[in-house]
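A.B. asks: A structural model of the following input is requested.
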Amino acid sequence: MTERTVTIWDPPLQARVFEAGDGEPLVYLHGGGGMTSTDPVVEALSQEFHVYAPVHPGFVDPDDLDELRDVHDLALYHDELLEALGLDGVRVVGHSFGGMVAAELAAHVPKRVSKLVLAAPVGLWNDDYPTADFFTAFPFGIQELLWGDSSSPQSVEAMTAMAKGMEDAPEGQDPITAMLLRVLPGLITLGKYMWPLPDKGLGRRLRRIAAPTLVVWGEKDKLAPSQYADDFVAKIPDARASFIPDAGHMVPYERMNEFVGLAGDFLR
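C.D. replies: Alright, predicted model coming up:
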């Protein structure tokens, strides 16, 4: 991947953006695990698309969050970023927290997004199947929440690939430990926009999304139960859901080939 910095917002903020691949443009908005130059899902998507993968504000410099006060600012920040990148009417894929951001962007500025893939997005709340408390689970219970099976070869391979691009990562570090360190910088951002409940009004705004939408969920998601897929589909005018067996909340990474296949077929 290549990397560049884009200056947007007022007062100015520095947005870090990774890029990879050729083809039609696609924006990938990462989850709470952050983004590195070796992200395997971005690399897989870049085989067909020119992928832009920005790092969410706060994941590099927590002071950025002082200027982005709520989810409305966060959505408009991403709109300004895509404008600066020359991306209008673009395909957007978002995972987990990035799925929430993608949905907020598509609801706030419908014309910005041409097609939308939401992979286990957070941002809704249902008392009958509440989202697990991510913050109290960190650090010792987080792997159990994130993966259908954190010890499976697919999960370990994904964690290893994600950890490779971490700056200042010790040589030969255990993949699970590296994954925890990768999540740590983003906890402030996640807390600001998701605590104490993740629904900051997104449920009322989903009706504004004009883009055809695919919602993908792992059937073994223990962080955000798969019933939320039906809630998103019910509120977005043109949406359908796909479920991937033997996958948890990290469905794009845990079952990467299946996920990239579904997303690619939908986005073409």
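A.B. asks: tell me where the chain has helices.
C.D. replies: 40-45, 71-84, 97-108, 134-137, 142-146, 153-164, 175-183, 187-194, 202-205, 227-235, 251-254, 256-267 (DSSP state H).
A.B. asks: buried ones in the longest one?
C.D. replies: In other words, helix 71-84. 71, 74-82 (16 or more other Cβ atoms under 10 Å). Quick note: C-beta positions are derived from backbone N, CA and C, even for glycine.
A.B. asks: for those residues, which one is nearest Asp238?
C.D. replies: The closest of these to Asp238 turns out to be Ala75 (Cβ to Cβ; 19.6 Å).
A.B. asks: pLDDT score for the closest one?
C.D. replies: On the pLDDT scale, Ala75 is placed at 98.
A.B. asks: ok, now which ones touch it?
C.D. replies: Residues in contact with Ala75 (Cβ atoms under 8 Å, 6 or more residues apart in numbering) are 101, 104-105, 107-109.
A.B. asks: which of the helices of the chain is buried the deepest?
C.D. replies: helix 251-254 (a mean of 29; mean count of other Cβ atoms under 10 Å).
A.B. asks: quick one: end-to-end length of stretch 18-26, please.
C.D. replies: Criterion Cα to Cα, to the nearest Å; first-to-last residue distance in stretch 18-26 is 12 Å.
A.B. asks: buried sites along that stretch?
C.D. replies: Applying 16+ other Cβ under 10 Å to stretch 18-26 flags 18-21, 25-26 as buried.
A.B. asks: and if you look at stretch 6-20?
C.D. replies: Neighbour-count burial for stretch 6-20, counted by 16+ other Cβ under 10 Å, picks out 6, 8-9, 13, 15-20.
A.B. asks: what's the end-to-end length of that stretch?
C.D. replies: 16 Å.
A.B. asks: now swap in stretch 26-43 and tell me
C.D. replies: Stretch 26-43 end-to-end distance (Cα to Cα) = 12 Å.
A.B. asks: could you do stretch 15-32 as well?
C.D. replies: Stretch 15-32: ends 17 Å apart by Cα to Cα.
A.B. asks: average pLDDT for that stretch?
C.D. replies: Averaging pLDDT along stretch 15-32 gives 97.
A.B. asks: how far off centre is it?
C.D. replies: 11 Å (Cα atoms, centre = their mean, to the nearest Å).
A.B. asks: tally of neighbours for the nearest residue to Gln227 once chain neighbours are set aside?
C.D. replies: Leaving aside its sequence neighbours, Gln227 sits nearest to Tyr129 (Cβ to Cβ, 6 or more residues apart in numbering; 4.9 Å). Tyr129 is flanked by 12 other residues according to other Cβ atoms under 10 Å.
A.B. asks: try Asp66
C.D. replies: 12.
A.B. asks: next: Arg240.
C.D. replies: That count, for Arg240 with other Cβ under 10 Å as the rule, works out to 12.
A.B. asks: which among the contacts of Ala75 gets closest to Asp230?
C.D. replies: Ala107 (18.3 Å).
A.B. asks: quick check, the closest one in contact with Leu202.
C.D. replies: Yes: in this structure Ala107 lies within contact range of Leu202 using Cβ atoms under 8 Å: 7.2 Å.
A.B. asks: related to what we said a few turns ago, including distance to Pro185, could the buried residues of helix 71-84 go into TSV?
C.D. replies: Below are the buried residues of helix 71-84 laid out as TSV (distance: Cβ to Cβ, whole Å):
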residue	distance to Pro185
Val71	20
Leu74	17
Ala75	21
Leu76	23
Tyr77	18
His78	19
Asp79	24
Glu80	22
Leu81	19
Leu82	23
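A.B. asks: between these, which is nearest Thr38?
C.D. replies: Set against Thr38, the nearest of the buried residues of helix 71-84 by Cβ to Cβ is Leu81 (22.1 Å).
A.B. asks: report the contact partners of that closest one.
C.D. replies: The contact partners of Leu81, taken as Cβ under 8 Å, 6+ apart, are 6, 8, 15, 17, 54.
A.B. asks: let's see it at 7 Å
C.D. replies: Applying Cβ atoms under 7 Å, 6 or more residues apart in numbering, we find Leu81 in contact with 6, 8, 15, 54.
A.B. asks: quickly check the residues you listed for the two that are furthest apart.
C.D. replies: Ile8 and Pro54 (10.3 Å).
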